[in-house]
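Visitor: next come a sequence and a model predicted from it.
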Amino acid sequence: MVAYITHELFLRHEMGINHPECPDRLRMIQQELKQVGLWRQLNHYAAKRAHDKQILLAHGASLLAHLHSLEPLGNYAEVDPDTLMNRHSLNAAYHAAGAGVQAVELISRGYEQKVFCAVRPPGHHAENNKAMGFCFFNNIAIAALYALQISLVERIAILDFDVHHGNGTVDIFKDDSRVLVCSSFQHPFYPNRYTDIQRDNIVLTPLFSGCDGDYFRQAVSRDWLPALKVHRPQLLLISAGFDAHKEDPLGGLLLEDDDFYWLGKLVAQQAGIYSQGHLIAFLEGGYHLSALSRCVVRFISGLSDFV
C-alpha cells in the first residue's frame with residue numbers, strides 16, 4: 001500500500017498563464033489515478049504546514065526572510081526569472097515542505113511504509129540560501145534532516161531522477177556524510193550548478209541529450225546500486241522528476257512510460273533491502289501533462305507491485 005499526500009493549496013499556487021509548472025499537473029495526475037483505478041487503493045492525507053524551525057533545518061534564515069518580504073498582495077512577485085509567487089505560493093511552499101515532515105512522522109509511527117508526496121512547488125533546486133528553478137524550499141532536504149533530527153535513522157539516501165540536476169539537494173548535503181545523494185540528469189543543461197563536485201556522498205550520473213531508457217537504466221544501476229550498498233541507508237527519499245520523458249517540452253532525454261515503472265520497482269526493491277521497505281517520494285518536474293500523469297501512475301504502480 002502507498003500513502004498519497006497532497007493539498008488543495010497546491011492548486012492555488014501558480015506562476016502565470018502558460019507557465020509549465022502549473023496546477024493542472026496535479027489535476028491530471030489525480031484524474032489518471034482515478035481512471036486506472038489506483039486512486040482508491042491509496043491511503044490519502046492532506047499535507048500539513050511545516051514550521052519555520054523545520055524549514056530552517058535546510059535553509060538559512062535570510063532565505064526565509066527574503067521570501068516573506070517578496071510575498072505579493074496583488075499579482076506576482078519575481079523570485080528569479082523563471083520563478084514567480086502569487087499570494088498563495090508561500091503558504092503552498094510551507095505545506096509542500098510539511099508533506100515531507102508528515103511522511104516521516106507516518107513512517108516513524110508505523111502507519112505507512114511508502115509515501116508519495118504530490119506537492120507543488122517542487123524543491124530540489126532550492127539551495128541553502130537560494131530559491132530558484134520553480135522551487136522555494138527544498139522539500140526532500142527538510143524531510144531528510146527532520147528524520148535525522150528525531151533520530152528515526154542515522155543514514156539516508158536521496159535518489160533524484162529528474163532531467164535537471166538536483167543542485168539544491170547537493171548544496172545542502174555536500175558536507176553531510178549521513179546523506180548519500182545520487183542524481184541523474186541531462187548534461188550540459190539547467191541549472192549547471194554542482195555538476196562536477198567531488199564528494200564521497202555525492203554520486204552524479206550525467207546523461208547526454210537523446211539518451212534513451214536502456215542507457216538510462218544501465219547508468220543508474222551502474223552508479224547508484226554500488227553506492228547504496230556501501231552507504232546502507234535506513235531510509236530512501238526519492239526526488240521523482242518525470243521530465244526525462246521523451247514527450248516533455250523542457251528536457252532532451254528519451255525515457256518512456258515503462259522506464260518510470262522500472263524506477264518504481266527499483267527503488268522499492270532497494271528500500272526492501274536497506275530500509276525495511278520505507279521510502280518517501282516527492283514530485284519534482286514533469287511538464288507534459290499527459291506524460292506526467294501516465295508516468296506518475298506507472299511509478300506508483302511500480303512501488304505498489306514490489307513484494
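Guide: Arrived safely, thanks for sending.
Visitor: OK, contacts around the spatially closest residue to residue 207 that is not a sequence neighbour?
Guide: Closest residue to residue 207 apart from its sequence neighbours, by Cβ to Cβ, 6 or more residues apart in numbering: residue 186 at 5.5 Å. To be clear about C-beta, it is placed using only N, CA and C from the backbone, and glycine gets the same treatment. Shown in contact with residue 186 (Cβ atoms under 8 Å, 6 or more residues apart in numbering): 163, 164, 206, 207, 208, 209, 211, 244, 251, 252, 253.
Visitor: mind listing what the last one touches?
Guide: Same thing as residue 253. So residue 253 contacts 163, 186, 207, 209, 210, 211, 212, 216, 244, 245, 246 (Cβ under 8 Å, 6+ apart).
Visitor: in the helix or strand that contains residue 263, what's buried?
Guide: Applying DSSP states H and E as the criterion places residue 263 in helix 257-274. If you call a residue buried by 16 or more other Cβ atoms under 10 Å, then helix 257-274 has these buried ones: 257, 259-268, 270-272, 274.
Visitor: out of those residues, who's nearest residue 15?
Guide: residue 260 (25.1 Å; Cβ to Cβ).
Visitor: quick check, central residue of the protein?
Guide: In the chain, the residue lying closest to the centroid (Cα atoms, centre = their mean) is residue 239, at 3.0 Å.
Visitor: I figured that one hits residue 164, correct?
Guide: No. Contact criterion Cβ atoms under 8 Å: residue 239 and residue 164 do not qualify, at 10.0 Å.
Visitor: what do those two both touch?
Guide: Residues touching both residue 239 and residue 164 (Cβ under 8 Å, 6+ apart) are residue 124.
Visitor: helix, strand or coil: sort out the residue sitting furthest away from the middle of the chain for me.
Guide: The centre of the chain is farthest from one residue, residue 74, which by Cα atoms, centre = their mean lies 29.2 Å away. Under DSSP: H, G, I helix; E, B strand; the rest coil, the three-state class of residue 74 is coil.
Visitor: check contacts around it.
Guide: The contact partners of residue 74, taken as Cβ under 8 Å, 6+ apart, are residue 87.
Visitor: please report the distance of it from residue 12.
Guide: The span separating residue 74 from residue 12 equals 15 Å under the rule Cβ to Cβ, to the nearest Å.
Visitor: report the beta-bridge partner residues of the residue nearest to the centre of the chain.
Guide: On the basis of DSSP bridges, residue 239 is bridged to residue 160, residue 282.
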